[in-house]
Structure formats: C-alpha cells, structure tokens
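K.L.:
Need the 3D shape of this:
(chains A, B, C and D)
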Protein chains: 4
Amino acid sequence: MKDKCGVVGVWFDKEKNRDSAAIYIYYALQALQHRGQESSGIAVYNGNAVLNDKGMGLVTDYFNRDRLQRLAGYSGIGHVRYSTTGSSRVENCQPFIVSYKNGTIALAHNGNLVNYRELKKELEADGRVFISDSDTEVISHLLVKNLMRNDLVEAVRETMRKLVGSYSLVILAGDKIIGVRDPLGFKPLCIGRLDSGYIIASESAAIDTLSGELLRDVAPGEMVVLSDKIESHKLFKCKNHAHCMFEFVYFARPDSIIDGKLVYRVRHRIGEELARECPTKADVVSPVPDSGITSAIGYSNTSGVHYTEGLIKNRYVGRTFIMPNQDLRETAVRLKLNTVRENVAGKDVILIDDSIVRGTTSRRIIDLIRRAGAKSVHARIGSPPIISPCYLGIDMATREELIAAHKSIKGVEFMIGADSLYYISLDGLVKAIGIDKEDLCTGCLTGIYPLEIPGERCESKQTKLNNFACD
Amino acid sequence: MKDKCGVVGVWFDKEKNRDSAAIYIYYALQALQHRGQESSGIAVYNGNAVLNDKGMGLVTDYFNRDRLQRLAGYSGIGHVRYSTTGSSRVENCQPFIVSYKNGTIALAHNGNLVNYRELKKELEADGRVFISDSDTEVISHLLVKNLMRNDLVEAVRETMRKLVGSYSLVILAGDKIIGVRDPLGFKPLCIGRLDSGYIIASESAAIDTLSGELLRDVAPGEMVVLSDKIESHKLFKCKNHAHCMFEFVYFARPDSIIDGKLVYRVRHRIGEELARECPTKADVVSPVPDSGITSAIGYSNTSGVHYTEGLIKNRYVGRTFIMPNQDLRETAVRLKLNTVRENVAGKDVILIDDSIVRGTTSRRIIDLIRRAGAKSVHARIGSPPIISPCYLGIDMATREELIAAHKSIKGVEFMIGADSLYYISLDGLVKAIGIDKEDLCTGCLTGIYPLEIPGERCESKQTKLNNFACD
Amino acid sequence: MKDKCGVVGVWFDKEKNRDSAAIYIYYALQALQHRGQESSGIAVYNGNAVLNDKGMGLVTDYFNRDRLQRLAGYSGIGHVRYSTTGSSRVENCQPFIVSYKNGTIALAHNGNLVNYRELKKELEADGRVFISDSDTEVISHLLVKNLMRNDLVEAVRETMRKLVGSYSLVILAGDKIIGVRDPLGFKPLCIGRLDSGYIIASESAAIDTLSGELLRDVAPGEMVVLSDKIESHKLFKCKNHAHCMFEFVYFARPDSIIDGKLVYRVRHRIGEELARECPTKADVVSPVPDSGITSAIGYSNTSGVHYTEGLIKNRYVGRTFIMPNQDLRETAVRLKLNTVRENVAGKDVILIDDSIVRGTTSRRIIDLIRRAGAKSVHARIGSPPIISPCYLGIDMATREELIAAHKSIKGVEFMIGADSLYYISLDGLVKAIGIDKEDLCTGCLTGIYPLEIPGERCESKQTKLNNFACD
Amino acid sequence: MKDKCGVVGVWFDKEKNRDSAAIYIYYALQALQHRGQESSGIAVYNGNAVLNDKGMGLVTDYFNRDRLQRLAGYSGIGHVRYSTTGSSRVENCQPFIVSYKNGTIALAHNGNLVNYRELKKELEADGRVFISDSDTEVISHLLVKNLMRNDLVEAVRETMRKLVGSYSLVILAGDKIIGVRDPLGFKPLCIGRLDSGYIIASESAAIDTLSGELLRDVAPGEMVVLSDKIESHKLFKCKNHAHCMFEFVYFARPDSIIDGKLVYRVRHRIGEELARECPTKADVVSPVPDSGITSAIGYSNTSGVHYTEGLIKNRYVGRTFIMPNQDLRETAVRLKLNTVRENVAGKDVILIDDSIVRGTTSRRIIDLIRRAGAKSVHARIGSPPIISPCYLGIDMATREELIAAHKSIKGVEFMIGADSLYYISLDGLVKAIGIDKEDLCTGCLTGIYPLEIPGERCESKQTKLNNFACD
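P.N.:
Model (predicted):
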C-alpha cells in the first residue's frame, strides 16, 4: 500500500536568505521521503527566473552539492513521488513546470483526480497537448487557462471548481508560494513559520526538521499565499470533510500532527481500542514492524500483555534481486523480517498489524512466527477490513486483489493462517483518530465514497460536481 | 562507533547446486549489511577456477543479476566492509584473492591485527610486496608462506601462531570453505546447515535468512572445513576468551545468537539491570532508536515505568549534504531523529541509550527532548563508561575523543545536559550478557586488554605472543 | 560552428518486420551522429501505442540492448541533437512527444524557426502552456491545433503556412511516417527504399548504412507520407530555394548526396576553384583536418602542388579538462592537432580550411605550422568571408564575434598570422556546388537573407510571410 | 590488430611545479590514447607518498577535475591499456603499485614477457603471491627482490637479466622517474625536455602535445633516470636490435618519430615502394582509412595515379550493438566505412591497406567498393604477408586465424575478392623504414624470431637467455 507523494514549499525574505531555499527544501523532502521514493524534484525562484532540477531516485541520491548550488533562489517548492504502475518516466517527475503567456509556474501535487480523464478530454477538445500522463499536467493547463482571464485567487478558485478528487498542491508563481487543499481535505497539508520565512508541507515532521514552528493545517478548500505574510483565501467550504484515515493508520510519520491529531497518539489509541474491543489471553503482544509498533505498545499498556519484539526488520535491504529457486522461497520475506525465536517460541502471541490488503504478506509473517515455535498467533488489525479500492491517491490494489472484498473475516483468518483474527471496528478507529466519522473518508472500508465515482456508491459531501455549491 | 566487517562462506554439494552459491552469499550479505556498508564482494569456485567480483557500495547496489550470473559456482565466500578512515580504496575491498604456487585462495576477514605492522615488516624483510594497506593481505601472505611447506591444517595453525589480534576468517581454498576464529574469540562466527550444504557466517541471522539451521558457534581457536561434512580442528585453546561485549550491546542484530546468547535477550536484560541498579521515578522510559529499544522495553518491564517512543527515527535518510548555515545547526540530528512532543512534554523522561562515545550526539538528543518540553531527562546507558580505545577492530575514537576518558560521570552528565546520568555497572553488563567476565574483552571499559598492546595495560589471556602456549 | 540536428524516420511492412524499427533507427542515427552529439532519442509505433526513449549522450552511449529491445515497433523516428547554448536540458531532447485529442504524435526537427517567439506568443495568447524552450514544441502545438479541424495533409499545410524559418521534420503519426521540408529547402532531407520498408533521413549516408537505396531528395515545400507506398504532397512551391551552402562546405558527410550533389565532389571542386582563382607558388598543400581534406586534394590535383598532411588529428580526444596554466597554453590545440614537422619545415605551405569564423583557431593552427618551421603559410578558405550571423539553424557566432564582419581580408590575414589569405569567391563556391545562386541561402556571406529577419536585409524568396503565396 | 599500451613519466623541479605532474600526464596520455582504450591510470609522488588512481575507460572519461586535483605531486607516471582477451579486470589496470620494505614503487609497462610463466613459477616457488594475471606484477616482484640486495641501477640490471620479451617500462621510485627499454628495443620509448622538467613517453607525439622538445630515443638496453638531470645507464648492449616494424606500419601516430624515423615518412615511402614494386594501371588510388592514407598519398605521388577517397570513415561510431539480423549483415562495416560512389564507380581502383590479418575485413571492404560500381579493385598492402603470430605484445591473431599462414598470395587474393593483390616485399618495407633488417623484428613476417620462443624458429639476437652476454 503506497501513498503517492510529498510536497513542500518555502518562502524566505530575500534580504535575509537570497540563495538557500533549495537547501531547506532538500532537507524537508528528506523528512517526507517515506511518502515517495521514486523521484525527487526542486524548483526555485531567484527573483527573475524559475530554476529546476528533478530526476529518478531518493532525494539524497539525486541531489548533490553541485545540483543544489545551481538552484540558488529565495522561494521554491519540492516534491517526492511514488509512481503508480506504468508511468515511472522522467516526464512524470515533479514539480511540473510550464511557461505560459505571463510567465512560468511550477506545481507539486499530492493526490489523485477522479475526473482526470474527463478534464483531459475537455482540454484536448480545446486542442491542448500533453506530454505526460500525470494529472498534475491537467491541473497546470486548467490553472493557466484560468490565469489568462482572472487574477491569481480567482484562477485558483475556477480551477478548483473543475477538479474532483484529492489534491494538496504547492505552487510557485512569481515570487509567491501557494498552497491549496481540496475542499474535502483528503490529503494533509500544513503551514509553519521558519526563521525569516514560511513553509507549507505535507506533514509537520518536515517543519520540525527545519526547526520551524507548526502554525496550523491548511483548511480544506483553503488557498494560502506565502510572502512576507500568510494570506488566506477560504475558497470553498463544505459541510463535511473527508480526511484519509490511512494517513493516521499507516502513511504518515508517527511524529507528524495531521489535522490537529498527533499520529503517534492515534496509533497508540488504536492499540488500546483493539485491546478493549477484543480482550485476548496471550503471553506476549508483538508488532509487525514498523507500522504496528505504536499500536502494539498501546495494546500492551491497556491489556497488560507483555510487549515484545517477535520480528526484527532488516534496515539495510535495498532493491534485491530474487532468484526463482525452490530452496529460497522464504528468502524474500526473511530478507526483510526475521523472528526472534525466544520471544515467541512456546507462546501465545498477539500480532498487531496496521492493515491487511492482499493477505499474502500476513500469511508469510504468521507462517514465520509459527515456525519459530509460537503456540498460537492472534492477528489484531489496526483498520477495519478493506473491501473497496481507493480512488483518491492510494495505490492499494484492485477490488479483485483485496482479500476482504471477497472473504468473510473467518475466511481471511483461514487464509492468513491465524488462530484468531480481529479487525478494529470502524467506530473504534474513528474514536482513536478523534475526528468525526462524517469528516473522514472511509470509502475503502465501507464502499461508500465522499465523491461521485462511476460505478461506486456515493454519499456526496460536495453537493454538486461542476458547480460546487458549498456553504 | 562502527564495526569493521561481515563475512560469510557457503559450500554446496555440486551435484545438487552447481551454480548458485553466489545467490546464497548475496542474500546472506544483505543480512549482514549492518556490519559494513562501504564495499561488497563475492568469490566463488566452480570446480575449476575462482571467479570474483567486488566493488564499492551496498550489496544490492553493487550486485545485479548480470554480476551474480557471471559468478556461477558451488562454493564461495562473501564480505561486506566498513572501512576505517583513509583506506576506502577499491584495492582494499574483500574477498582478497591471491594466486600462488598451488592455486588461488580467497580470504574474507573480520577483525583487526594488533601486530599488523610487525608482521608486514617481517614479510617485507623477506622481499614480499603489498598492494593494499589491509591486514587481510598480511594474513594471505602468511597463509601462502605456510602452505608452501605444510598441509592446510598445519598452515592455518602456523599462520594463527603469528597473528595477534582479532580475526574471524572465511577462506576459499580449492573447493573447500574454511572458517577460522582467533583463540580469544573476539569476533563472532557461526556454522549452519543449509539444504544440501553448509554455511559459516558472522551472525546467525544470515543463516536464518537462508532458512538454514544454526548448528553452533565456531569455537575460539578452532578451524572448521566445510565440504560434504564439517571437519573441526581445535588448533588453539586458551584458558579464557575475550568476546567483544559491544557485539551484544550495539553491533549485532538483536535476532542473532552469538556465543550461545540471543542478542535480544541480552539487551532486554541490560534494561532490567539498569532499572534494578538505579531505580528512578519518572513518567516514561524512552529509547534512543534503534539500539536502545530493546533495553528500554526491558527497563519498562522491570520498573513499571511506562514505555514510550519519545524519538522517531527517519528510516529514509541517506548520505545527506549539510550546508554550513547558522539556522540549520539542528538539522543534522533532526534529519535522523525527531521528537514526539506529546510523549515527553511535561514529563520526567528516562532515556535509554547503548553507549556514550564522544558525548556530542547524546547532548544534541537530550537538547531535542528538552526543547520538546520534557521536565527532566535521566540518561541511562547500557554499557559502562568507555575510557580506552579499541585496538581489536572497532573504529570507535581515539582516547582524546572519548568523553569518559577525561571526565567523571558527573562531568559527562553536565556535558550532555542530563538531569541525571547512570551507566550500567560492569558486573551488571556481564550478568546481562551471561558470559563470565573472564571470557569477555573489556579493554575499552577497563583499559586492561586481553592481549599485549604497546602502551596499554594487559592481563594477557594468551600466555605468549610468538609461541602461543595455550592449555 | 555547429549544425543543430539529424533526423530519421523508418517504416516497415509489419508482416515482415514487426519489432525492429528501433534497431534500424539506432544504426541510422549513428550515421548522422556528426550532426549532433548532445542527446539521442527514438520513438516507435507498435500498432497500438507510441514507445519512446531519449536522453543525453551519444547514440551508442545512451542506447543499449535493453533500451532498444523495449522499443519494439514497426515504424518510428529518431533524432540526434546539438544544443545551442543554455538549453541542454532533458526536456529539450527529441523526438518531442505529445498526446492530444486523437492520439499521440512524435516529432523530430532539424532547423530553426525565425518567428519562434511570435508563434509562441500567439499560442500563449490562446492560453497554451510550454514545458520546453524548443521550437519543436511550438511546431507540435500548431500541428495539433490544425489537426483538430483538418485532415493530416491540410493540417501540415496550415502549419507550414505559419512557420517561417528552416525545418526538416520527420513525424510519427499513427502508423505513418511523415517527412516535411520547408518551402525554401534550407536543411537536407532525403528518401530511401529499404528491404520491405522506406526511410527518410537528413543525409543519404544514413540510407547507405542500412544498405538502402537513395530514391530522391524531399523537395522544398513537399510533404511525404511513408506507408506501403510513398505518398507525395507538394504543398508549397517557391520560385527559388535557399539550400544552406554550409552543408556542402562543412556539415554534411562527404559521402552524402544532398539536393542531387555529392558533397565530396563539391569539396573537391572548391579546392580546384581555389587553385584556379588564386594560383600560388608553394611546396606543399595541406588541409586542416578533417573538413579541409577533400578540398586540399582538389587543390593539389588542379595546381600540381604536392599534397601532404602537415597536421595530424588525434582521433581519441574526448571532452578534456584544461588547467589554467601558462606552460600549457598551447595544449588545448595540440591535443587535437599536431604538426608533422618534416612535411612543413622549410617549406612554403598552402593551408586549406573550410571557413574562418572567429579566427582564433586559424591563428593557433598557423602558429603551430610556423613553429614547425614552415617558410610561409598561405591560407586558402573554402567559403567566402562570413560577415553576418545565421538565423536558420547554425550556431555560428554573433556578428560581434565574426572576424570578417569587422575586418578587411587584409585585416583577417594579419590577425591569423598568414603570409597570404584568400577566400573562395562566392561565384566560385556556387560553381563548385553546382546549384544556382538563386537557390542557395547565402545570408551569412552577403547579409541578405531569403526570409524577412528583423534588422536584416532581405530579398524574400517567399512572397509573403503569413499568406505564403507560392507559385 | 591491437597494440598493448602507452606509457609516460614526467619529472618536474618541485620548486617550480609542485602539484601538477598529473595534469601533464593526463594530457600526454590523451596523446597516447590510440595505444590503448580500455583503462587509464596515473600515479604521482608528492615528496612524501605515492598517490594513484586508475580505472576502466578512456583518459577523458575516467579522469575529471576532482580526480586530477587529488593527485597533487611533482613527478609521476601514467598508462593507457588495451587488454588482451579475458583479463579486462580492474586488478590488471596500471600503473601497478607495490609497497615493500623500503617504500612504494609504481610501474607502467608496454610489452609482453615471453618467459612470464616461467618467471611467475619461479617466484611462486619462493612463496610469492599474485593478485593479477599481468606480467607487470611479475616485473614488480623481480624488481623488489633485486632492490632488497642492490642499489637501484643494479636492481634494474638484475631484473632485466631475467626478463625475456619486450618491455618499455616507466617506473616511479621515490622522487625519481625511471625509463627502461629492453635490450632488443621492441617497443618505442623516448625522452623529452619540458619547461623545468623531463618526460619519457612511448611516442614523441606525447612530448609535442606538452610543447616539449624530443631529445632522443631511450636506447635498447638503456635505463634512464630523470631528476634534475637525465642519468643514463647502458645496462645491456646487443649486437642487433629488434624494433617492431608494425609500429611504423600501423600502431604509432604518423606524427611520431620512433627510433629516429618519422612514421609519416615511412608510410609515405611504403606507398612509393608499392608503386615501384608493382606498377599498376588504374584510374584512382584510394586508402582504407585511417592507416592507409599516408601510403596512398605516397603511391599517388610516385605513380601519378590520381589520389581519391573511395571510403569515408565515420568518426563518431562508438561501441555499437549489432542485432543478429539478415538484412543488416553489412551494417557492421557500413557503420564504420561508407563508399563515395562517384569516386570508384566505373573505375579501376588501387586500394591501399596497411596489412591483412584474418582477411575478413578486407573482403567486406572490397565487396563494398565493388557494389559501389568499381570496375576492378587492386589491393596493395603496406606490409608483407603475416604468417606467424606475435609473441611480443601485439594481440594479432593465432596462427590458425592468420589467412596468409595457410594460403598463397593467390589464395588470399581469391578469398578477399580482389582483382589483384600485392604485398610489399620485406626488402621494400625495410627500405621504407630506413632501419637495417637486422635491427627489426620480423617474426610475424618470417616466422623467425629474435628471441627463443618455444615451438618457433629463432635467430637469437640475445646470445643467452639467463646470462645475457651482450657485446
């Protein structure tokens, strides 16, 4: 399960910091590296022109001293990307830079447009051409189109009126840094203060890394403009929001605060809830590292079951090459995870994981623990069954691949080889997150989406698609 | 603090596995990657010739399908290396391959020779030439010299008689794989069984990764020869051993079993000991990740103090480039570690770390926690003060750099900015490890070394240097 | 002096050659490598989709077996590029690929649009966006715009109506390969027959390399469409043409036939003319290699002056790094050219070069020959003085840099240190080429251009810019 | 046919040029790049230590500003290498650096030891070990062995006494640069003066490139030591020499002076001789570029037959990938050579090539010319038939592969498809070179070698192998 991207934008007072925006972006992108490891990019403005550099690879692999020093500017944006299948081409790297009548604009995007194809068709009907297959290019075209006849704020408003889906955007336009979050607030985006500047980033951990101060989240439907002040434009306001609950369960760093909630706290409470909802007698509770760790601690604290590390993660495994070989059938998982035999042998083990997607990894892990001598393995999952695909930016799986879309919980339990299986209840998860259920996107858990998606059920939180009547 | 190397050797029945020794070595080296990230190398034997490939970089970065397929053989050895300063040249990569009168030999070495310079001078006096500055080349020369007039076992014995220092060696000679461990057993080395073959490796986690079975440690002073059976030659036997206690405290993977002791268990007991030796009132106990995690769990279990994660480690940070810049003075540490503010703010925090070397990192971490609002920070350290350098293969620091070599515990406490500081007692550590103090090397903790080292105190466990009289 | 690009397109009968268009393009691009060494690119059509790959570097450096095998298709185009300053970014590599309403189009372009900025502004006024600073992107936009309301032929006609400048284009559209040459025929483009297919290329040497048969040049103003036949559309016909005479003098391979004229023959005749126009008593005639070789042979044949190689070119020099160092001031030229002392020492030497641009290289070469002991050096130049810049695609120099723009021939003679200097007459050059003066572009030699260029004199061969009335 | 290596050594007065020896070596190696393109290396001395860097690739590809700046020293040596098959490993790159009792020595070698295996065995019998399969390592061992008991000059003498074969060596020992040439003088080596320094190089063109002055050749059997003066030691003097005649025919740059003879002049006279020895009626004489060019000019000058370029060489072809494909059977040769049809069509063509080894290339070239319409093709070859392999450093072919070892001249003529074939006579070649036949190695032309080679006939110019009695 993979999120799509991390974005960041910084603005500095050019009297105080004329040249080093790129360095700050470079560090901030490292703090967001968990959100995408395929490509990295930075674009900066030097008061005169937009300079940019982007390419395949981790931030620290692609960027070096030379590349950074060439990017001398006082404001800029950055992007890390995880690509969905089939499109890992250099043309799809971000920031996406376009020049148009009035200048040059750079965009970095986290999210997924549901009406990407319709919008592209509309623009193509106008005779427009595309050089990539990214929805960011579509947004660029719309934005430029609207900038031709509107000021910046109205152009963004008109653009947002067309976009259906999730989008947290940072935009470099002239010497301004713009942050935009979709009206339902799917993806996180927050604002911070730096020494003589401001920052917008996907997660607050990026602000911490620069020793900045988290000010607040960008509100759903809000556009903020960074310059020597933070200008706010609440362009759209919906009755409810649709924050992605998987940011809390899995994607975000535990040290980030998203929509006012510390991710660590949420995960800890998920463990507490699991302990309360399904009390289980066992010798130890162990996480699947890394995402299950905090919940397992919470489980232990509430249940009194001893916390232990039954599995150790190899921190150094890169892109390994697996030989098709009978004897090595276990190696792929063993390279990443190994059991600490003594911690599970002869014991009843509660195993905490964040979610089950296809079920194959869970089965292999449980098998490992069992071979290490566990008496029983009780799987406790930090999210309810995933029964429906995500259309809002998570490259999860197709409905066919989702094990819980086709099997009962008993069926999943059997498939993964657990002695017992319990998923947290939706209400329990909501309680752990601490945000109203009405303000969360639970499409993948309920099959009911906050936006109209062809072929899926919808309980639209946006009253109309093309005329966006928001209160 | 950095260990020097990881070594592995595998032997397969060539009727059953003629070509893929390199693949097994490749996986095993990944499991040992934490022991060295600078260079990687593999040498195999195909029944006819020795093939080898080595170069700078991680195992998964340097080796690809093509390189592995060219290394078709049924036995072989591998090496991952962390270089000490000044010698990161391709000539120093291992395995070190030499051809001589009777054939070709490949060696991989973990350890450090104390009498490297003397031996090199002796060999140079013979007119021998050297192409690297590694002690492995010295061992090769000695071994070949002895092979000229002895059989393999006697040649190894004669070579060992000359070597003073730490060495765990794997050697490829003809179709045999040889493992050798120095008489004091400084560095780990263990043997496992594979499907239709055997393996020798620095740590048992490498055996697990190949779904093999750990048979036993190579004994100090033992030479083992892998072929269709395991042949053992106990060449030297000393009254006592000198296992490096830092393997347990810091270097080895927690899921490895070294000299019969599960590293996880040792670290857990270190935490228990710390709780017992120095009971402290506090709200939470938090580790410095990763090496302090298991001890912090142990501490919590024994003391009842709540276990929490006050610091989160960024798993994706590579070799970053730090700009010399006032505003970013904290960034170097922030890129790697961030605080979870809520877990420490307003709290009395017990912070568990494995060791203090220079003290600079500790000071920065404690500073971070304090800025996150901790009421107090009580540092508890899983090893006694390091007061003396390591000559046996750990690239630790010079005596001048070791903070505890020059300051009292109170002085260190002040320098790192802790409200209180407690180091585990040597007896407590010994108890946690579960090996007699007489069988551990505690040179860096006591200044008394198990071997004669010019300028240092010694309580020699080897009765004589050049005539190695062992009981 | 650098030309901008080489282009190629191939079409195969898919029953006979379904997969290997890319291989043929790969070889053809190598034959055109002299036209551009900065970047290489190939796009192919497989009956379903356009596949493409492009990047910085020589054809043989960028493309390897893997890259070529991924480009499985039966028709396609390729491009090698020499970039003008400041724009050597990966975004500027060609073929340029765009998707639009009705599909995907790939373009490769050799030439330079004079009205690039006006066209871009016009398109930007429409709200169009650009991701590169290449004129090829402008052509793509226009073509797509016209394809929205016209069939392919009319769309090309409408596009050409807007373009002012030089352009030889190959276009991949659906399964068709299209060749287009501007109405004045600045840049070469020719058609050949292959086994079960056709080819369009910048030079006939590319056809020879594939063992194909040169059929004819694409006519100025013609559009050809390759499929199982060659379809010709004479879209514009001007009274006169404007073939670049520097293709004959310098750019093209001597073994290419351009606009019916063998380049070797032209260069030979240039030497003959020089001998006739300015008879000179001398011991030897020597070329500046490589471009002066054939003319020097012609000179020798006509004059009877002994042909010799006074200068030897180092064939292996790559991009060298020159240290700023007094003692090495000659090294930059010496690395490329060395004198054969005995061939010039004590002799009166006629030195044949193709052209003089800035004069600095000529001065250094003449200096070398003089130091080798030549009694006198008489420079004979295969083109008339260059007094005006090229706006049609040759990255020559600014007017300020052109030595002959500011100095008399005597002045140039003095600057380059020749004992005498003679430039071929314009009539002599025209006679050597064998094409009417009215059908050649001589803008850089006369300052009178065949197209309206702001600030320059024009004797327009196109009667009107925007309404292109051609006979 | 490939030569093995180029070597260079420079020494500077350290008061005047403390740091930039590496830069001079870098340029000199580029001038010698034609002698080897596989690997490049430089070693320098900074008054204190030897620094070195070497790796695979062309000089300009491997070395960059950073690598050169790290090599700060005032004396040093360099090497370019063409590897014989099977040994293109980084371990075989030169200079070969060894440290021994008294310091560090670096060697660069051009040539081939005939008794390599015997010497290696002898050294192995001593217990010495080898890390490469190069004969340079053997020379290093011998030299160090002799340096243990002798001064430098005697050590070199004793080493030379053991070596049988061809060797031009440059050695960096302390702050001295040593040049050594084998007693028969197979491979070239010459000395030059630089501004405040001296140079030794394989060819004088390297001296020219540095604007130095060629002083003289190193004499066969001479050792020269560069410091603030040139010290000469004539260690061995044989009655006759054995200069490789292929240096003149093919390997060396035409602008180099070797053993007092300008290579250009030799090649010109080869053409003159061919014209005299075998007068032939024809329309044109054309070279196979590049090696046949000068001889074809000479042929034309003597015979009066018109000189033309029937074949054009593509200067930009790199390591291309040839698809196994029927239609492209000609492409491999066509990528490198294309015909200028008009220059050969309907004509009787004399084709000048330097040599015929296997005959396959000749056949393809003649086939190309014939398809271009030549009436007849008369091959004239600048060396006599090659009937026997080279053991002295040219990677030519095995006897089985040499076409003239098995066929009569008529047979070769038939195989290559020429209308007539004529090889220069040995006497003619000798005359062209201008060195007594007794002082040339003609082993490959006569089958009689100047040294004893097992299985071959010998007319030894060295009276004894191990006691080297020279007059």
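K.L.:
since we're on the nearest residue to A:Glu452 once chain neighbours are set aside, how many residues are nearby?
P.N.:
For A:Glu452, ignoring the flanking residues on the chain, the nearest one in space by CB to CB, 6 or more residues apart in numbering or on different chains is A:Cys458 at 4.7 Å. Using the backbone N, CA and C atoms, a C-beta is placed for each residue, glycine as well. Around A:Cys458 there are 15 other residues, counting by other CB atoms under 10 Å in any protein chain shown.
K.L.:
residue contacts, A:Cys458?
P.N.:
Each residue near A:Cys458 by CB atoms under 8 Å, 6 or more residues apart in numbering or on different chains is listed here: A:448-452.
K.L.:
Make TSV from these and add pLDDT, neighbour count and secondary structure to it.
P.N.:
As requested, these are arranged in TSV below (pLDDT from 0 to 100; neighbours: other CB atoms under 10 Å in any protein chain shown; DSSP: H, G, I helix; E, B strand; the rest coil):
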residue	pLDDT	neighbour count	secondary structure
A:Ile448	95	13	strand
A:Tyr449	95	24	strand
A:Pro450	94	25	coil
A:Leu451	92	24	coil
A:Glu452	90	16	coil
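K.L.:
Show me which of these is closest to A:Gly73.
P.N.:
Distance to A:Gly73, by CB to CB, is smallest for A:Leu451 among the contacts of A:Cys458, at 36.5 Å.
K.L.:
The closest one contacts A:Ser460, doesn't it?
P.N.:
Yes - A:Leu451 sits in contact with A:Ser460 when judged by CB atoms under 8 Å, with a separation of 6.4 Å.
K.L.:
from the stretch 101-250 of chain A, which residue is nearest to chain D?
P.N.:
Of the stretch 101-250 of chain A, the residue with the smallest distance to chain D, taken as CB to the nearest CB, is A:Ile131 at 28.5 Å.
K.L.:
That residue contacts C:Val98, correct?
P.N.:
Yes - applying CB under 8 Å as the test, A:Ile131 and C:Val98 come out as touching, 5.8 Å apart.
K.L.:
Quickly find the element holding A:Tyr30.
P.N.:
Quick fix: residue A:30 reads Gln, not Tyr. Element membership of A:Gln30, judged by DSSP states H and E, is helix A:21-31.
K.L.:
which residues of chain A score low on pLDDT?
P.N.:
Residues of chain A that meet the criterion pLDDT under 70 lie in A:1-3, A:83-90, A:320-329, A:462-471.
K.L.:
could you list every residue that touches the nearest residue to A:Ile207 once chain neighbours are set aside?
P.N.:
Here the nearest residue to A:Ile207 in space, its sequence neighbours aside, is A:Gly192; by CB to CB, 6+ apart that works out to 3.5 Å. A:Gly192 makes contact with A:198-201, A:204, A:207, A:210, A:212-215, according to CB under 8 Å, 6+ apart.
K.L.:
ok so, going back, next one: the helix holding A:Gln30, is it in contact with chain B?
P.N.:
Yes - Helix A:21-31 comes into contact with chain B when judged by CB under 8 Å from any CB of the partner chain, the residues involved being A:23-24, A:26-27, A:30-31.
K.L.:
ok, which stretches of the stretch 51-200 of chain A are helices?
P.N.:
A:59-62, A:65-70, A:116-125, A:135-147, A:152-162 (DSSP state H, counting those that start in this stretch).
K.L.:
is chain C contacted by the fourth one?
P.N.:
Pointing back at helix A:135-147 there. Yes - Helix A:135-147 comes into contact with chain C (CB under 8 Å from any CB), by way of A:140-141, A:144-145.
K.L.:
That helix to helix C:116-125, inter-axis angle?
P.N.:
Helix A:135-147 and helix C:116-125 are oriented at 90 degrees to each other (axes from the mean of the first three to the mean of the last three CA atoms, to 10 degrees).
K.L.:
Would you pull up the residue in the stretch 51-200 of chain A closest to chain D?
P.N.:
In the stretch 51-200 of chain A, no residue comes nearer to chain D than A:Asp66, which is 10.8 Å away by CB to the nearest CB.
K.L.:
Distance-wise, check the residue located most distally from the centre of chain A relative to A:Gly310.
P.N.:
Relative to the centre of chain A, and counting by CA atoms, centre = their mean, the farthest-placed residue is A:Gly346 at 38.5 Å. Taking CB to CB, to the nearest Å as the measure, A:Gly346 and A:Gly310 are separated by 12 Å.
K.L.:
so what's in contact with those two at the same time?
P.N.:
Here A:Gly346 and A:Gly310 share the contacting residues A:Ala374, scored by CB under 8 Å, 6+ apart.
K.L.:
any idea which element A:Gly428 lies in?
P.N.:
When secondary structure is defined by DSSP H and E, A:Gly428 falls within helix A:426-433.
K.L.:
How far off centre is the helix or strand just after that helix?
P.N.:
The C-terminal neighbour of helix A:426-433 among helices and strands, as given by DSSP H and E, is strand A:440-441. The chain centroid and the centroid of strand A:440-441 are separated by 14 Å, computed with CA atoms, centre = their mean, to the nearest Å.
K.L.:
helix or strand right after strand A:440-441?
P.N.:
As assigned by DSSP H and E, the chain's next helix or strand after strand A:440-441 is helix A:443-446.
K.L.:
what angle separates the longest helix seen in chain A from helix A:426-433?
P.N.:
If each helix of chain A is counted by residues according to DSSP state H, the longest one is helix A:263-277. Using the same axes, to 10 degrees, the direction of helix A:263-277 lies 140 degrees away from that of helix A:426-433.
K.L.:
Using CSV, write down the CA coordinates of helix A:263-277.
P.N.:
Listed next in CSV are the C-alpha coordinates belonging to helix A:263-277 (Å, rounded to 0.1, in the frame of the first residue of the first chain):
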residue,chain,number,x,y,z
VAL,A,263,-0.3,10.4,14.6
TYR,A,264,1.6,8.6,17.3
ARG,A,265,-1.4,9.2,19.7
VAL,A,266,-3.8,7.8,17.2
ARG,A,267,-1.8,4.7,16.7
HIS,A,268,-1.4,4.2,20.4
ARG,A,269,-5.2,4.5,20.8
ILE,A,270,-5.8,2.1,18.0
GLY,A,271,-3.9,-0.5,20.1
GLU,A,272,-5.9,0.5,23.2
GLU,A,273,-9.1,0.1,21.3
LEU,A,274,-8.1,-3.3,20.0
ALA,A,275,-7.3,-4.4,23.5
ARG,A,276,-10.7,-3.2,24.7
GLU,A,277,-12.8,-4.4,21.8
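K.L.:
ok, residues contacting that helix?
P.N.:
Under the criterion CB under 8 Å, 6+ apart, external residues in contact with helix A:263-277 comprise A:247-249, A:252-257, A:294-303, A:305, A:352, A:380-382, A:422, A:424-425, A:428-429, A:431-434, B:309, B:312, B:340, B:342-343.
K.L.:
Sheet-wise, list the partners of the helix or strand just after that helix with their directions.
P.N.:
Tracing the chain C-terminally past helix A:263-277 and defining elements by DSSP H and E, one meets strand A:284-287 next. Strand A:284-287 has its sheet partners listed here by DSSP bridges as strand A:306-307 (parallel), strand A:348-353 (parallel).
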